[in-house]
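K.L.:
what's the 3D shape of this:
(one chain, ligands or ions: 1)
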Amino acid sequence: MALLTPQDLENLSVQLEENDEIVRRVTGLNIKQICEELYGKELGFPKIGIIPITAGNGIIGNFTSSLLFIVQYFGLEGFITEHPDITGYYEAVSQGADIILMADDHIFVAHNLRNEKIVSNHVATGVIYADIASRFEEANSKDILVIGLGRVGYAGACHLVNKGFNVYACDPNKDFLKKAVDELGIKPYCSDDRKKFSMVFEATPNADTISEGMIEERCLVSTPGIPCGLPPEIGSKYRVDLVMEPLVLGVASMLYSVI
Ligand code: 2YC
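P.N.:
So this is what the prediction gives:
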């Protein structure tokens, strides 16, 4: 999994404001309303314990402070534990955390200690970014393209199938593609078909995965992927709106998912 860098998380409040406005403009709903529609509930007032984790590559600068910023942006009480790891876990539970947020290099988890619900950032991120793509008000059909069928892309594709969209998907890993075809009934996307889409959900850790032949003249690209899969020259040549930021939407989706 591509790890965030402290640079990815700089100016997170600006990235949040910009994306909240884009999401509202292209879907008619802001991020909070998307989450309420997606999970069918309000957040309430859970206390969020954020625990730094030193495993693997260790603590990422700005990561836990970014989580606290996001938690507070959505009106919740949150705190970062003084200690990392197990000591931090003990501290968070002792201080009455209702939901724990913590991440090693493989899984970023939200765990609700009261109702036992648990979710990974991969699933929550895939679901919300796919959902946003599917709510493009200027879309001219229910056809939607998913690029990347890893843990994030597969979760998003599954959500879109369940919502009744015609999901076309591609992934260079033929096993990932076969799994999605067999288990979700998605249609393999082939560039030779020359089919164009007005809604694209991109979930790869690669740049330039979106080509001109894939998109309509007016298109919404929704992607948590770092780097961005949309080449700048294509984004400017066509009327493309891009929803992309490094952490906020996934964390918002995680919180609503475990309420
Ligand atoms: O600071 C810390 O507690 C670190 N252990 C955090 C490691 C986060 C690793 N995960 C990532 O960089 C991201 C996820 C948030 C989603 C994709 N990559």
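K.L.:
now the strands: where do they sit in the chain?
P.N.:
47-51, 77-80, 99-103, 108-112, 118-120, 143-147, 166-170, 187-188, 197-202, 215-222, 239-243 (DSSP state E).
K.L.:
need the residues of this structure near the ligand, please.
P.N.:
Proximity of the chain to the ligand is confined to 1-4, 52-53, 59-60, 63-64, 103-105, 108, 121 under the rule Cβ under 6 Å from any ligand atom. In short, each C-beta sits where N, CA and C put it, glycine included.
K.L.:
show me those that map onto helices.
P.N.:
In this view, the residues of the chain next to the ligand that belong to helices under DSSP state H are 63-64, 121.
K.L.:
re earlier: which one of the residues of the chain next to the ligand sits closest to residue 246?
P.N.:
residue 4 (6.0 Å; Cβ to Cβ).
K.L.:
from residue 60, how far out is the closest one?
P.N.:
With distances taken as Cβ to Cβ, to the nearest Å, residue 4 is found 6 Å from residue 60.
K.L.:
residue 162 - how many residues pack around it?
P.N.:
11 (other Cβ atoms under 10 Å).
K.L.:
if we can go back for a sec, deepest of the strands of the chain, which one?
P.N.:
Per-stretch averages of neighbours, counted by mean count of other Cβ atoms under 10 Å, single out strand 197-202 among the strands of the chain, with a mean of 26.
K.L.:
using CSV, write down the CA coordinates of that one.
P.N.:
Extracted C-alpha coordinates of strand 197-202, given in CSV (Å, rounded to 0.1, in the frame of the first residue of the first chain):
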residue,chain,number,x,y,z
PHE,A,197,-17.9,7.4,-19.5
SER,A,198,-19.1,10.5,-17.6
MET,A,199,-18.4,8.9,-14.2
VAL,A,200,-15.0,7.4,-13.3
PHE,A,201,-13.9,6.0,-9.9
GLU,A,202,-10.1,5.6,-10.0
